[in-house]
Structures are given as C-alpha cells and as structure tokens.
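Engineer: got a predicted model here, sequence first, then my questions.
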Amino acid sequence: MSETTSLWALFASSFLAATLLPGGSEAVLFGVLKLHPNELWTALAVATFGNTLGGMSSYLIGRIIPQKTELKGVARAQQYGAPILLLSWVPIIGDPLCVAAGWLRLNPWISALCIAAGKFARYWIIAVLAV
C-alpha cells in the first residue's frame, strides 16, 4: 500500500473511531508505521487530526442537543471543565465526554486542544510500540 493511501486510510479510521461509531484506529496506525516507519510524524499528525475532528463532531452533536434535555455523565464534565477531555481517547467514556462538553458549551478551542493532547498522547504510545 502506498504511503498516501495508508495515510488516507489512517485519517478515515481515526475520524470514524472518534465518532459514536466503533473503530480501531490504533491498529491502523500500528500497521501504517510498520509499513512506513519513515512516516512517524506524519502518521501521528494525521491520526491525531482525524481523531480530534471526530471528537469535535461529537462535541457539535452535544451543542445541538437542547439544554432542557438531561444528559447522563454531565456532572464530571461540568466539574472538571475542558481538561476532562484529555480522557476523550478512553474507550466507552471518551465519546460521551465530548458530547457532554458540547452540551455544556465548553470553550470549543480549549476543548479541541484538550481532545488533541489526549489523543496525541495515546497515539504516541502506540507509535513507540510500533517503531
């Protein structure tokens, strides 16, 4: 598989894995780095960007849910604010955290930064294991 094709597949899997759909972008990143170890930083950037965009799509879903609707799990997000989104990479709880952040109208720029930082850290660990 060419580097370009691999990176597009990585972007797509990273984006979809961060939405409410299930996915395994870690395995795709691992495979891309095994095939193209010279693309470490590009692959990390692509995976982080795609996964962050996916997380922000969940944030936007939260923004459009009327605030008169009660959401479960909002108390933690409200208590800790945007830094709780450092955990947006964690399976099962990450997507609801992003939705809760949008519903709470947390600052979108700080939210995106926290989401990106958490997701980059997770991908960095995968990359270290791959190369």
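Structural biologist: Perfect, thanks for sending it. Keep in mind the model is a prediction, meaning the values are calculated, not measured.
Engineer: contacts and neighbour counts: CA atoms only from here.
Structural biologist: OK.
Engineer: contacting residues around residue 28?
Structural biologist: By Cα atoms under 8 Å, 6 or more residues apart in numbering, residue 28 lies in contact with 9-10, 13.
Engineer: run the last query once more with 6 Å
Structural biologist: Applying Cα atoms under 6 Å, 6 or more residues apart in numbering to residue 28 gives the contacts residue 10.
Engineer: quickly find the element holding it.
Structural biologist: helix 25-35 (DSSP states H and E).
Engineer: now the helices for the protein?
Structural biologist: Ranges of helices within the chain are 3-17, 25-35, 40-64, 74-80, 94-103, 108-130, based on DSSP state H.
Engineer: about what we covered before: model confidence over the helix holding residue 28, on average?
Structural biologist: Mean pLDDT, computed over helix 25-35, is 93.
Engineer: would you mind measuring from the residue nearest in space to the middle of the chain to residue 69?
Structural biologist: What sits nearest the mean C-alpha location of the chain, by Cα atoms, centre = their mean, is residue 51, with 3.5 Å. Using Cα to Cα, to the nearest Å, we find residue 51 at a distance of 27 Å from residue 69.
Engineer: residues in contact with stretch 111-127?
Structural biologist: Residues from elsewhere that reach stretch 111-127, judged by Cα under 6 Å, 6+ apart: 48, 52, 82-83, 85-86, 88-89.
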